[in-house]
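[1] Compute the structure for the input listed below.
(one chain, ligands or ions: 1)
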Amino acid sequence: MTHTLGHWVSGSDWDGASERTAPVYNPARGAVTKHVRLASAADVDAAVAATAAAWPVWRDASIAKRTSVLFAFRELLNARKQELAEILTAEHGKVLSDALGEIARGLEVVDFACGVGQLLKGTYSENVSTDVDVYTLRQPVGVVGVISPFNFPAMVPLWFLPIALAAGNAVVLKPSEKDPSASIWLARLFAEAGLPEGVLTVVNGDKEAVDALLVHPDVRSISFVGSTPIAQYIYATAAGAGKRVQALGGAKNHMLVLPDADLDLAADAAVNAGFGSAGERCMAVSVILAVDAVADALVAKITERMSTLRTGDGTRGCDMGPLITREHRDKVAGYLDQAASDGATVVVDGRGIDVDGEADGFWLGPSLIDRVPLDSAVYRDEIFGPVLSIVRVSGYEEAVDIINASPYGNGTAIFTNDGGAARRFQREVQVGMIGVNVPIPVPVAYHSFGGWKASLFGDAKAYGPYGVSFFTQEKAITSRWLDPSHGGLNLGFPQNA
Ligand code: NAD
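    The predicted model follows:
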């Protein structure tokens, strides 16, 4: 009999009324370790009502009070990050060092949100007309919804929660049903840090819970991270219901290697960014654009490095863990068959490799496919697994044309020692986040994260300045302290005469 994880409402565990559940696996063992409750629309209603009831206390809490909760949360998370990392490895499969890396990037956003006093400062214009002043202030939005994907069960919630909460909102978080425990753990930690009961709610569930949130009249905004088709659906549905929406979608990230690049550094970067977290990162490099002159040498260096990677249980010091589910592993492995029939060359086939883990785990070793045709599914699809493609190009222009023809625009990188080429690249590519000799250019917390085109729907990136703007609404106040000289009737439009 396995444990069934419920929801977190009003500062306590809560089961809700729905009887539906989903299995949660340890992907390194291929075994069900617990079940998670899947909320019904009625459960979502009750959870949102509890959150809305709790909100005014937090909305009216002083900035000093909110800051103190964020600081306390930061200290607790730092002290207990190993515990969270173990939860991530047990449910997602990523190796422990990678899980700690994810938490470190989430902590950056907590650091940023600790400066909320600075971030929420308004503006002031004195004497815009005689004795008239105008000033602006930023207020919280209300109850905000956050819907997160399986691949960063801690970091993606932490892209949103710290800023949303610091700004005085109440949050309903709907994590991925594939690895839900991290969200409940984070909610408990916020409670320990002094967040008032009910201000942070976690509702576990699937499409039914998401759909209920998207149209709920008391949910004022939706922050979504996940695949492109769902992001587009979320954007259309929640915007149609009159909400603010930021919906971050999928990706297909290219790394261009010019002939003058340091090929050893480029090969290291390609392997790190292609196979870290088993390729289940929205900023993973999935396509190397290798200029013909150096392509053979680069493929050789990448292949050599791949042979040193250890795939296995994330608790055993391996480099790469399993994929999230058996179905996903089979789907990703299917691309290796497809590649061969599309005329590509499978240089390294990760099926059937020796793993340091249990036989039933959802394993697929690092795989490399060369000469991938641009019209093949391997090139077009977001594979989201440890499969790196090489596309050979004649030079810079062809590479940029390929990148710009992609429907996605999340991340990209150029490897070169030519500053002029790098500068031209950053100017010409239609992509939201660019690395120059940096393979996974996830911006630090005081900038913002977001792609272009089908990688982001809506106009607000995540965290950083965009995060503050998304989770607050501005008021502009025009004021005059009356004295008798201001009397008299005047039906004209107010102007600075
Ligand atoms: P997903 O789209 O399947 O699920 C994301 C969330 O949406 C989950 O909470 C899930 O329960 C919910 N959901 C799934 N199907 C739904 C439906 N039909 N209706 C309503 N809600 C639904 O994504 P995933 O597989 O969990 O995550 C991987 C994807 O996320 C990849 O495409 C990856 O690129 C993307 N991702 C993007 C970013 C980014 O910042 N752009 C970051 C991380 C992950």
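[2] List the buried residues for stretch 385-394?
    385-393 (16 or more other C-beta atoms under 10 Å). For glycine as for every other residue, the C-beta is placed from the backbone atoms N, C-alpha and C.
[3] Okay, and which of the residues you listed map to helices?
    Residues of the buried residues of stretch 385-394 located in helices (DSSP state H): none.
[4] These: which ones sit near the ligand?
    Residues of the buried residues of stretch 385-394 in contact with the ligand (C-beta under 6 Å from any ligand atom): none.
[5] In CSV: those residues, plus pLDDT.
    What follows is these, written out as CSV (pLDDT from 0 to 100):
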residue, pLDDT
Gly385, 98
Pro386, 98
Val387, 98
Leu388, 98
Ser389, 98
Ile390, 98
Val391, 98
Arg392, 98
Val393, 98
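[6] Per-residue confidence at the residue in the stretch 251-400 of the chain positioned nearest to the ligand, what does it come out as?
    Going by C-beta to the nearest ligand atom, the ligand is nearest to Cys282 of the stretch 251-400 of the chain, at 3.2 Å. Cys282 carries a pLDDT value of 97.
[7] In this structure it contacts Thr228, no?
    No - look at Cys282 against Thr228 with C-beta atoms under 8 Å: they stay out of range, at 10.2 Å.
[8] more crowded one of these two?
    Cys282 (27 against 22; other C-beta atoms under 10 Å).
[9] quick check, the more buried one in a helix?
    No - when the secondary structure is assigned by DSSP: H, G, I helix; E, B strand; the rest coil, Cys282 falls in coil instead of a helix.
[10] change the start of the numbering to 46 and stick with it
    Sure thing, new numbering starts at 46, so read that last one as Cys327.
[11] who are the neighbours in contact with the closest residue to it other than its chain neighbours?
    Spatial nearest neighbour of Cys327, chain neighbours left out: Ala296 (4.8 Å); criterion: C-beta to C-beta, 6 or more residues apart in numbering. The neighbourhood of Ala296, defined by C-beta atoms under 8 Å, 6 or more residues apart in numbering, consists of 327-329, 331, 427, 453, 455-456, 496, 500.
[12] List the ones among these that fall in helices.
    Among the contacts of Ala296, no member is found in helices (DSSP H).
[13] Strands along the stretch 146-295 of the chain, start to end?
    Ranges of strands in the stretch 146-295 of the chain, per DSSP state E, counting those that start in this stretch, are 168-174, 177-185, 188-192, 215-219, 245-247, 266-270, 289-293.
[14] Rebuild these as a markdown table, extending it with mean neighbour count.
    Shown next, in a markdown table, are those (neighbours: other C-beta atoms under 10 Å):
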| stretch | mean neighbour count |
| --- | --- |
| strand 168-174 | 11 |
| strand 177-185 | 16 |
| strand 188-192 | 27 |
| strand 215-219 | 27 |
| strand 245-247 | 28 |
| strand 266-270 | 27 |
| strand 289-293 | 25 |
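[15] Output the ones you listed as JSON lines; include the columns distance to Leu231 and mean pLDDT.
    As requested, the strands of the stretch 146-295 of the chain are exported to JSON lines (distance: least, C-beta to C-beta, whole Å; pLDDT from 0 to 100):
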{"stretch": "strand 168-174", "distance to Leu231": "33", "mean pLDDT": "96"}
{"stretch": "strand 177-185", "distance to Leu231": "20", "mean pLDDT": "97"}
{"stretch": "strand 188-192", "distance to Leu231": "11", "mean pLDDT": "99"}
{"stretch": "strand 215-219", "distance to Leu231": "8", "mean pLDDT": "99"}
{"stretch": "strand 245-247", "distance to Leu231": "8", "mean pLDDT": "99"}
{"stretch": "strand 266-270", "distance to Leu231": "15", "mean pLDDT": "99"}
{"stretch": "strand 289-293", "distance to Leu231": "19", "mean pLDDT": "98"}
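[16] Quick check: which of those strands is nearest to the ligand?
    Among the strands of the stretch 146-295 of the chain, the nearest to the ligand by C-beta to the nearest ligand atom is strand 289-293 (3.6 Å).
[17] now the angle from the closest one to strand 266-270?
    0 degrees (axes from the mean of the first three to the mean of the last three C-alpha atoms, to 10 degrees).
[18] Output the contacting helices and strands for strand 289-293.
    With contacts taken as 3 or more C-beta pairs under 8 Å, 6 or more residues apart in numbering; DSSP states H and E, strand 289-293 sits against strand 266-270, helix 273-285, strand 501-502, helix 509-515.
[19] And for whatever residue of the stretch 96-245 of the chain ends up closest to the ligand, nearest residue in space, chain neighbours not counted?
    Using C-beta to the nearest ligand atom, the single residue of the stretch 96-245 of the chain nearest to the ligand is Pro194, 3.1 Å away. In space, and not counting its chain neighbours, Pro194 is closest to Gly271: 4.4 Å by C-beta to C-beta, 6+ apart.
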